[in-house]
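**Student:** below are the sequence and a predicted model; questions follow.
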Amino acid sequence: MRSPWSTEGFGRDRGEVPARVARAEADDPLDQLAAVLRDVRAVVFDTDGVLTDSARVHAAAWKAAFDAYLSELTPDDPMRRRPFDVHDDYLRYVDGRSRLDGAEAFLASRGLDRSAGTVRGIAEEKERLFVRRLSEHGIDAYPGTVRLLRALRLAGTPLAAASASRHAREILTRAGVAGLFDALVDGGEAARLGLPGKPQPHLFLEATRRLGVPARHAAVVEDALAGVEAGRRGGFALVVGVDRAGTGDSRARLLRHGADLVVGDLGELLPGGKPK
């Protein structure tokens, strides 16, 4: 018997371990979670930079694609031609967005050509580079994130992954965490359903719809500025920002864009952690 939270065959069949059984068999599974998560009825996770270290692969692919384009510009304005920054430019303009939206946002920030051909050409080159790097180097899940996912599963909390990336399913499978989720909404699904990208909340709202839990009772976990803004716009009960950079400025940006709290690692939401 399939759990009512399972959708489209993604993740394991939760029917064999109903939430009430998981709670009964543990001493008190909710005690394994930070207080902010104990009243949340579902959690939606972004993938790149939250679940897996694939953000570094995306950032490297974007840099290679943008720098190749920038190097071909005339040298009359060196500020417009300066290389793509894998930290600042990535977080400001492309992280959490679809490839086309990300390419257009970065080009707009430099006052460069945003014609359909240019945007599409850069996006396609980024895709080619990302696929090559993914096959060559693989992807790992963050250990703290895996510990949190397992604690949430033990507590019977429905979980979804949501990402603008069309590679989300492959990435989660390669990282060995696909089976921990009840639903996935990726870039392919977003395109099929005509969902607008972040900072609009539709991607996350579709995930909670599949879990059968209203956004007002769910949490979103994101590392992208556009993503935490989407969580706030969607009326989620809790928006957790993940700051892998660990700088005061990056943490402040996440809070300004809508995060309720910011952690450097999701293991901080387990006993002994110190969510900020």
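**Tutor:** Ah, there it is. Numbering: from 1, shown residues only.
**Student:** show me what the helix or strand where residue 148 lies is in contact with.
**Tutor:** Using DSSP states H and E, the element containing residue 148 is helix 143-154. Helix 143-154 has contacts (C-beta atoms under 8 Å, 6 or more residues apart in numbering) with 22, 26, 29, 32-33, 37, 43, 45, 50-51, 159, 177, 180, 265-270. Yep, even glycine has a C-beta here, placed from its N, CA and C like the rest.
**Student:** now, of those, which are buried?
**Tutor:** Buried members of the contacts of helix 143-154, scored by 16 or more other C-beta atoms under 10 Å, are 22, 29, 32-33, 37, 43, 45, 50-51, 159, 177, 180, 265-270.
**Student:** out of those residues, list just those in strands.
**Tutor:** Mapping the buried ones among the contacts of helix 143-154 onto strands (DSSP state E) picks out 43, 45, 159.
**Student:** out of those residues, which is nearest to residue 228?
**Tutor:** Proximity of these to residue 228 (C-beta to C-beta) peaks at residue 45, which lies at 12.8 Å.
**Student:** for the residue nearest to residue 271 when sequence neighbours are not counted, give me its contacts.
**Tutor:** Using C-beta to C-beta, 6 or more residues apart in numbering and skipping the chain neighbours, the partner closest in space to residue 271 is residue 32 (6.5 Å). For residue 32, the contacting residues are 26, 151, 154-155, 270-271, by C-beta under 8 Å, 6+ apart.
**Student:** which of these lies closest to residue 171?
**Tutor:** For the contacts of residue 32, the nearest to residue 171 is residue 151 (21.8 Å; C-beta to C-beta).
**Student:** can you count the residues close to the closest one?
**Tutor:** Counted by other C-beta atoms under 10 Å, the residues lying close to residue 151 total 22.
**Student:** please shift the residue numbers so they start at 489 in all later answers.
**Tutor:** Sure thing, new numbering starts at 489, so read that last one as residue 639.
**Student:** roughly how far apart are it and residue 754?
**Tutor:** 10 Å (C-beta to C-beta, to the nearest Å).
**Student:** pLDDT on stretch 554-566, on average?
**Tutor:** Averaging pLDDT along stretch 554-566 gives 86.
**Student:** could you dump the ones in strands among the buried ones among the contacts of helix 631-642 to JSON lines with pLDDT and distance to residue 700?
**Tutor:** Output for those, formatted as JSON lines (pLDDT from 0 to 100; distance: C-beta to C-beta, whole Å):
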{"residue": "531", "pLDDT": "98", "distance to residue 700": "14"}
{"residue": "533", "pLDDT": "98", "distance to residue 700": "17"}
{"residue": "647", "pLDDT": "98", "distance to residue 700": "13"}
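**Student:** list the buried ones in stretch 520-537?
**Tutor:** 520-522, 525, 528-537.
**Student:** let's verify residue 701: helix, strand, or coil?
**Tutor:** In three-state terms, and counting by DSSP: H, G, I helix; E, B strand; the rest coil, residue 701 is coil.
**Student:** quick one: residues contacting the closest residue to it other than its chain neighbours.
**Tutor:** Closest residue to residue 701 apart from its sequence neighbours, by C-beta to C-beta, 6+ apart: residue 530 at 3.8 Å. For residue 530, the contacting residues are 645-648, 696, 699, 701, 705-707, by C-beta under 8 Å, 6+ apart.
**Student:** quick check, nearest of those residues to residue 573?
**Tutor:** Among the contacts of residue 530, residue 707 lies closest to residue 573 (C-beta to C-beta), at 30.3 Å.
**Student:** count of residues packed around the closest one?
**Tutor:** Residue 707 - counted by other C-beta under 10 Å - has 25 other residues nearby.
**Student:** quick one: it and residue 533 touch, right?
**Tutor:** No - counting by C-beta atoms under 8 Å, residue 707 stays clear of residue 533, with 9.2 Å between them.
**Student:** overlap of the contact sets of those two?
**Tutor:** Going by C-beta under 8 Å, 6+ apart, no residue sits against residue 707 while also sitting against residue 533.
**Student:** which strand residues bridge the residue nearest to residue 701?
**Tutor:** Counting by DSSP bridges, residue 530 is bridged to residue 706.
**Student:** in the stretch 639-764 of the chain, which spans are strands?
**Tutor:** Assigned by DSSP state E, counting those that start in this stretch, the strands in the stretch 639-764 of the chain fall at 647-650, 671-673, 706-710, 726-730, 749-751.
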